[in-house]
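3D model of this:
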Amino acid sequence: MVVRTTSLNSLKNILPKIHQPLPLSPRESKQLLESITTSFRKNLDKEHPWELNNESTSQNPVPQTRKPLLATPVSSSSSPSDTLTRQRPTDRHLRAILSNPLFAHDENKDARTAPRDPIDVFNHAVSRGLMTPRRAAGFLAKVRSQIKGESADEIRQGMADSGAGLRVVQWLRASGLENDLHFIHEPKVLLFANLIPFMYAEGLEEVVWSWVARLGRRDVTDETIGGHFVALYGLLSVIMKQKHTSYTGLRTSLDGSYEAMVRANELLPKESGVAFGTFKLLWRNLSYDSTVLVSKRPKPSAAPFDAFVDVGRPLELELDLAHLKLHHPVNPDHSAAIKYMHHCVRSRDLDLNTWRRLVLLALDTTDRLKKVGDIEEVSWVERFLARIGIDLNSGIFDAPEKDFMASQLPLYRMD
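From the prediction side, this is the model:
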């Protein structure tokens, strides 16, 4: 037996007709808004009751000296009922919501005259996902430009109080950029050049050294070795500059840089070609500052100077070691310089930079010998200078032209 089911058409009269509501008129929209607002205020007052104090229950207006929290100013023409309405918890709650920066809207954008706080700009960009290493570098540069101070301590304290470095480090961690230290591989962005001074001022030096250690241990390939070398060298160069330059830009003693090189020697793995090459180049640069440019800085202390020389001995840079011994801050000694020049038989075979450094070594040795009164050795060094000058003149046309045009180091001693 087949049971018949009610056809679908027979349900038309049972189900109500469904259609889109007609648009509300302006008057109806206003009434709906007032109804929703009244209902919201009623329920909010029920959940968060408030009591009128004696002053409020009276029919006197609120004195001008008292300003409710987040309330708008009360005009002199306001009635007591309007004043009480402004003090209702619902009104204060709504004004607190609407005053939030996320809902703020400046109706007259052309009237903006005061510049925005860089911290607010940074936070806004981070919250919108718009922050990049380049923008972070710009943010730090802007904060630094606003810090004024007559002394290095005042500037350092201002940078520490700003907390800008910590904000950027927190963003690097939250965004995942610190995981691979990719921002350090972009030398043109100069983020770490702007960031590290803030980190040192804010006591975040250990974070910087943790980056050095991670870069030193990182595995590299033929494709990444160049970028890795630039990143590690750039990071350590900024650390060196931070150590021997004050916050006012003045050159200070190299003691801090010597200590940084000793620590880098402890952190960087000896088996890494990139780490070894980076350390060697940085050590030579600091050796040049300690000898050729020695007169431009205060005299260093003996202990960090000796430690710096010791970590450089395995590099076997005999010319640098002899020059450093000649400029020891406490016990200068010319014997190593004389020995090196005696073994330098064919100066014509030296590259231009080494030849120039040899001339500077000979000039400094001459000054030292004159100071101690060793006239005989002075005469020998002067003859040595004349000989290497002849070697240079005889080989100058054989040297590649680019070697002479590309070098910017002077031929004379830099006093």
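
now the residue nearest the centre of the chain, what's its secondary structure?
For the chain, the residue sitting closest to the mean C-alpha position, by Cα atoms, centre = their mean, is Leu195 at 1.0 Å. Secondary structure of Leu195, reduced to three states by DSSP: H, G, I helix; E, B strand; the rest coil: helix.

isn't it up against Val168?
Yes - at 5.7 Å, Leu195 counts as touching Val168 under the criterion of Cβ atoms under 8 Å. (Each C-beta comes from the backbone N, C-alpha and C, glycine too.)

joint contacts of those two?
Residues touching both Leu195 and Val168 by Cβ atoms under 8 Å, 6 or more residues apart in numbering: Ala136, Leu140.

quick one, phi psi at Val274?
Main-chain dihedrals, Val274, degrees, to the nearest 10: phi -70, psi -50.

got it, and Arg251?
The phi/psi pair for Arg251 (degrees, to the nearest 10) is phi -80, psi 130.

ok, Thr245 next?
phi -130, psi 130.

what's the neighbour count on it?
Neighbour count of Thr245, defined by other Cβ atoms under 10 Å: 16.

any idea how far Pro133 is from it?
23 Å (Cβ to Cβ, to the nearest Å).

same thing with Ala174?
Distance from Ala174 to Pro133, by Cβ to Cβ: 14 Å.

any idea how far Val274 lies from His334?
From Val274 to His334 the distance is 36 Å (Cβ to Cβ).

to clarify, my last question referred to Trp380.
Trp380 is 12 Å from His334, by Cβ to Cβ.

what about these two, which has more around it?
His334 (22 against 16).

phi, psi of the more buried one?
Torsion angles, degrees, to the nearest 10, at His334: phi -100, psi 0.

chain neighbours aside, what residue packs nearest to it?
Sequence neighbours aside, Arg368 is the residue nearest to His334 in space, at 4.6 Å (criterion: Cβ to Cβ, 6 or more residues apart in numbering).

what about the one you found, how many neighbours?
When neighbours are counted by other Cβ under 10 Å, Arg368 comes out with 20.

could you report the pLDDT at it?
Arg368 carries a pLDDT value of 92.

please renumber so the chain begins at 58
Fine by me, first position is 58 from now on; the one you just mentioned is Arg425.

that one and Pro389 touch, don't they?
Yes - the pair Arg425 / Pro389 is scored as a contact, 6.4 Å apart, by Cβ under 8 Å.

sorry, back to before: which one of Ala231 and Pro190 has more residues nearby?
Between Ala231 and Pro190, Pro190 has the larger neighbour count (other Cβ under 10 Å), namely 21 against 11.

any idea how far Gln88 lies from Asp276?
71 Å.

ok, the two, which is more surrounded?
For Gln88 versus Asp276, neighbours defined as other Cβ under 10 Å are more numerous around Gln88 (12 against 8).

now the helix or strand in which the more buried one is found: how far from the chain's centre is it?
Assigned by DSSP states H and E, Gln88 falls within helix 83-104. Put simply, helix 83-104 sits 52 Å off its chain's centre (Cα atoms, centre = their mean, to the nearest Å).

who does it touch, helix- and strand-wise?
helix 146-155 (3 or more Cβ pairs under 8 Å, 6 or more residues apart in numbering; DSSP states H and E).

for the next helix or strand after the helix it packs on, buried residues please.
Proceeding N to C from helix 146-155, the next assigned helix or strand is helix 175-184, under DSSP H and E. Within helix 175-184, the residues that qualify as buried are Pro175, Val178, Phe179, Ala182, Val183, counting by 16 or more other Cβ atoms under 10 Å.

please apply the same query to stretch 268-286.
So, applying 16+ other Cβ under 10 Å, buried residues of stretch 268-286: Trp268, Val269, Leu272, Gly273, Arg275, Val277, His285, Phe286.

in contact with the third one, which residues are there?
So that's Leu272. Leu272 neighbours (Cβ under 8 Å, 6+ apart): Leu238, Ile241, His285, Ala288, Leu289, Leu292.

now do 7 Å
Leu238, Ala288, Leu289, Leu292 (Cβ atoms under 7 Å, 6 or more residues apart in numbering).
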